[in-house]
Structures are given as structure tokens and as C-alpha cells.
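In: turn this into a structure:
(chains A and B)
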Protein chains: 2
Amino acid sequence: MARWEPGARERLQEAALDLYATKGFEETTVGEVAAAAGLTERTFFRHFSDKREVLFAGTPLLEQSFVDRVASAPAGASPLDVVARAVRGANDYFAESRRPYSRRRQAVIAANPELQERERNKMASFALSIAGALRERGVSEPTATLSAESGVTVFRIAFEAWVADGEERTIDEIEASLFDELRSLTRP
Amino acid sequence: MARWEPGARERLQEAALDLYATKGFEETTVGEVAAAAGLTERTFFRHFSDKREVLFAGTPLLEQSFVDRVASAPAGASPLDVVARAVRGANDYFAESRRPYSRRRQAVIAANPELQERERNKMASFALSIAGALRERGVSEPTATLSAESGVTVFRIAFEAWVADGEERTIDEIEASLFDELRSLTRP
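Out: Residues are numbered from 1 along each chain as shown, chains lettered A, B, ... in the order given. This next block holds a predicted model:
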């Protein structure tokens, strides 16, 4: 039984991102990531199932946050308001201190089709979970799926804007403006 | 120089879908598809780049149709109306006579992660092209991307409903109701 390594998870994430950014995702092995973090491969696999998943460690937490906030939205809120609340409610996760990491992560993903696929799967999974949570609170189909997809589209566009070079608005400001925009799309 | 084979393309598409449905996509080779269509592998590769692309032969035509219809929509239409017009304008492609083929194709895709990925890429490409066509007609970002993504979401949900067992509405009826739904979702 290996001993507990304090901060191992974060060290592995940092080391992985550094290597993926400099050496390339494909070219980096789990052994190299572990070594760069001063840890063993065994420790790596206690935290992550493979080298791809290091970049998606936050996904389940974020998804759960969306779902919980859909469930706890006030009764009588419109489906799109429920979704906007759920998406924007998770923005503590994307604090300013996280932006440099997110920018580097985005660049690594943009350079690799396999990671892009994983990122698209993540978004598809968010939409399915949010739609499910909406149905749980009595929203029928196709309203649930349409609302969930719209919310995830806003999240995706907002996230891409937030990590773009030179962007200074918070992700919450960007999302607020996108949800406003979504509400005005039907105007001529 | 091989001689022209009348209907070769359609025969290859039918043979491919039959084999993918019965034997499985992974387990079927290009040689088997060609043989089942009474043609050579060489003929197959004159029509399709690989066995996956047989199932996506209509994609460029459909994408071009979306783009052309965005370009030719009346001035002054709201971005969402332009997109709705573009998406619904392509529905001649999904005539009733096509539904059995589309249903079988959908079942093959649902059974294979690689094909699902290709299908998601197709939808992402539609959204990018429609957003580009909207920018061409003066719609600014993020409106162009939000509208395009909304339109593709409607198309995807409508298509999935259209091929579902027992569904009898036309895809155009389904899309009309989804666009109405979207308009009422986003109404300020």
C-alpha cells in the first residue's frame, strides 16, 4: 500500500499539462508525467484512468453542479432561466486564478483531434444530464432537450471566449451577455 | 480506365448499409461491400474514401444547401428565422421514401462510437458553415454562432425524432414545431 502523497493530483495535472503543451499530447507517456511530478505511475493511475483523463478531472464535478442547480431552481422559473441559473451558478469553478490553466489546456485540446472528441463528448454529456434534470422537475420534451442544448451552447461559446487571448471579462459576464443575446435572437 | 457503372454509387451505399446492419460496421471490409454490390474495390474507392464515408455521402450537399439558403434569405429576417428557413429548406432531402434508409443508417451509427463521432463532427461542421454564412450577410458574433448552433440543435433533434420507431410526422413538421418551441423558450 503506497503512502498518501499530498497534492499528488494537482502535481500530476500540472506536470501533464506542461508536457502536453511542450512535447505534445501524443508524444507524452504516463511514466513521463509521473516522473515530472516526482511520483510513480502507480500513483498516477490511482488518480486518473489514462493520460487523457487528466485533462477532464473536473468534468464530473461540473456536471453534478449543473444538475444540482437545475434541481434547486425556483419553481415557476422558465426552462431557459433554470438552465441559465445552472450554467452561471457553476462559474465559481472558473475563477480568474484558473484562467491561465484553462488557456493552456484549451491550446493542448485544440492541437489534438482525440482530445477535441473527448471535449465534444463532455459537452454532449452535460446536455443530456441537464435535460434529464429538467425532466425531473416536470419540463417535458422537446423543451427539456432544447433548453439544455441552448445552455450548453452558451457555456461552450462563453468558455472559448473566456480563454481567448486578451479576453478580460469574467466567464459570468460573457455568459450573461450570451443568454441575453439568446433571448433576442428572435428579434428581426 | 474502368468503365462507368450505372447506379454504382447507390448500389454501394445499399450494400454497405446492409452489411453494417447485419454483420457490423467494424467487421465489414470494403472488399465485402464492393462484392455485395457486384463491383470492385477500385470502383468503391472511386466513389468513397473509406467505408465510413459511405454513410456520409450526403453531407457536403446538405451543408451547401444550408449555406445557400442562409445567403438567399430575405433581408431583415431575424437570425433565427434565417436559420430556420435554411434548415427547413433542405427537407426535400428527407422525403418519406428516404425514411427507411435513414432509420437503418441511424441504427448502424448508434451501434458504433467511431460513427457517432463522425456524426457529431458533421453537426459541428454544419454549425460552423451556417455561422460563416450568417456573418457573410452581416450578422455579428456571437449572434451568428448562437443562431447557427440553435438551428443545428433543432435539425439534430428533429432528425432523431423523424427516424424514431412509430414517428409519422414529416421532418418538416417536427422542425416547425421545434422552431416554435425555441422561439417561445427564448422569448424575453
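
In: most centrally placed residue in chain A?
Out: Nearest to the centroid of the C-alpha atoms of chain A, with distances taken as C-alpha atoms, centre = their mean, sits A:T59, at 5.4 Å.

In: wouldn't that residue be in contact with A:K122 here?
Out: Yes. A:T59 sits in contact with A:K122 when judged by C-beta atoms under 8 Å, with a separation of 5.4 Å. Where you see a C-beta, it was placed from the backbone N, CA and C, and this is true even at glycine.

In: what do the two both touch?
Out: Residues touching both A:T59 and A:K122 do not exist when contact is defined as C-beta atoms under 8 Å, 6 or more residues apart in numbering or on different chains.

In: what's the burial count for A:R52?
Out: The burial count assigned to A:R52 is 16, neighbours taken as other C-beta atoms under 10 Å in any protein chain shown.

In: now swap in A:L62 and tell me
Out: Under the neighbour criterion other C-beta under 10 Å, A:L62 is assigned a count of 17.

In: quick one: contacts for the residue nearest to the centre of chain A?
Out: A:T59 sits next to A:K122, A:S125 when contact means C-beta under 8 Å, 6+ apart.

In: one more: the one 4 residues further on?
Out: A:E63 makes contact with A:S125, A:F126, A:S129, according to C-beta under 8 Å, 6+ apart.

In: can you say which of these are buried?
Out: Among these, the ones that count as buried by 16 or more other C-beta atoms under 10 Å in any protein chain shown are A:F126, A:S129.

In: return the subset of the contacts of A:E63 lying in strands.
Out: The strands in this structure, assigned by DSSP state E, contain none of the contacts of A:E63.

In: from B:S65, how far off is the residue nearest to the centre of chain A?
Out: When distances are taken as C-beta to C-beta, to the nearest Å, A:T59 and B:S65 turn out to be 35 Å apart.

In: also A:K23?
Out: A:K23 sits 43 Å away from B:S65, going by C-beta to C-beta.

In: mind listing the helices for chain A?
Out: In chain order, chain A shows helices spanning A:8-22, A:30-36, A:41-47, A:59-71, A:79-89, A:99-110, A:113-136, A:143-162, A:171-184, with DSSP state H as the criterion.

In: can I get those helices in JSON lines including mean pLDDT?
Out: Rendered in JSON lines, the data for these read as follows (pLDDT from 0 to 100):
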{"stretch": "helix A:8-22", "mean pLDDT": "95"}
{"stretch": "helix A:30-36", "mean pLDDT": "97"}
{"stretch": "helix A:41-47", "mean pLDDT": "95"}
{"stretch": "helix A:59-71", "mean pLDDT": "96"}
{"stretch": "helix A:79-89", "mean pLDDT": "95"}
{"stretch": "helix A:99-110", "mean pLDDT": "95"}
{"stretch": "helix A:113-136", "mean pLDDT": "93"}
{"stretch": "helix A:143-162", "mean pLDDT": "95"}
{"stretch": "helix A:171-184", "mean pLDDT": "94"}
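
In: okay, the ones you listed in CSV with distance to B:S140 next?
Out: Formatted as CSV, the entries for the helices of chain A read as follows, by distance: least, C-beta to C-beta, whole Å:
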stretch, distance to B:S140
helix A:8-22, 32
helix A:30-36, 42
helix A:41-47, 43
helix A:59-71, 28
helix A:79-89, 22
helix A:99-110, 23
helix A:113-136, 24
helix A:143-162, 13
helix A:171-184, 10
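
In: among those helices, which is nearest B:G151?
Out: B:G151 lies closest to helix A:143-162 among these, at 10.9 Å (C-beta to C-beta).

In: confidence score at A:R187?
Out: We have a pLDDT of 65 for A:R187.

In: same question, A:R98
Out: Per-residue confidence for A:R98 comes out at a pLDDT of 93.

In: measure it to chain B for me?
Out: Computed as C-beta to the nearest C-beta, to the nearest Å, the A:R98 to chain B distance reads 22 Å.

In: for that residue, what are its contacts?
Out: Counted by C-beta under 8 Å, 6+ apart, A:R98 has zero contacts.

In: give me that answer again for 10 Å
Out: With contacts defined as C-beta atoms under 10 Å, 6 or more residues apart in numbering or on different chains, the neighbours of A:R98 are A:G58, A:D92, A:R105, A:W162, A:V163, A:I171.

In: go on, A:R52?
Out: Taking C-beta under 10 Å, 6+ apart, one finds A:A16, A:Y20, A:F25, A:N112, A:E114, A:L115, A:E117, A:R118 in contact with A:R52.

In: of those, closest to chain B?
Out: The shortest distance between chain B and any of the contacts of A:R52, using C-beta to the nearest C-beta, involves A:E117 and amounts to 5.4 Å.

In: ok, the residue lying closest to that closest one once chain neighbours are set aside to A:A164 distance?
Out: Spatial nearest neighbour of A:E117, excluding adjacent residues (C-beta to C-beta, 6 or more residues apart in numbering or on different chains): B:E117 at 5.4 Å. Going from B:E117 to A:A164 by C-beta to C-beta gives 26 Å.

In: swap in A:T145?
Out: When C-beta to C-beta is applied, the distance between A:T145 and A:A164 equals 29 Å.

In: who's more crowded, these two?
Out: Neighbour tally, A:T145 and A:A164, criterion other C-beta under 10 Å: the higher count belongs to A:T145, 23 against 11.

In: how is chain A carved up into domains?
Out: As assigned by automatic domain parsing, chain A contains the domains A:8-54, A:58-184.

In: please compute how far the shortest one lies from its chain's middle.
Out: Distance of domain A:8-54 from its chain centroid, counting by C-alpha atoms, centre = their mean, to the nearest Å, is 19 Å.

In: and the end-to-end length of that domain?
Out: Using C-alpha to C-alpha, to the nearest Å, the gap from the first to the last residue of domain A:8-54 comes to 12 Å.

In: same question, the last one
Out: In terms of C-alpha to C-alpha, the two terminal residues of domain A:58-184 are separated by 32 Å.
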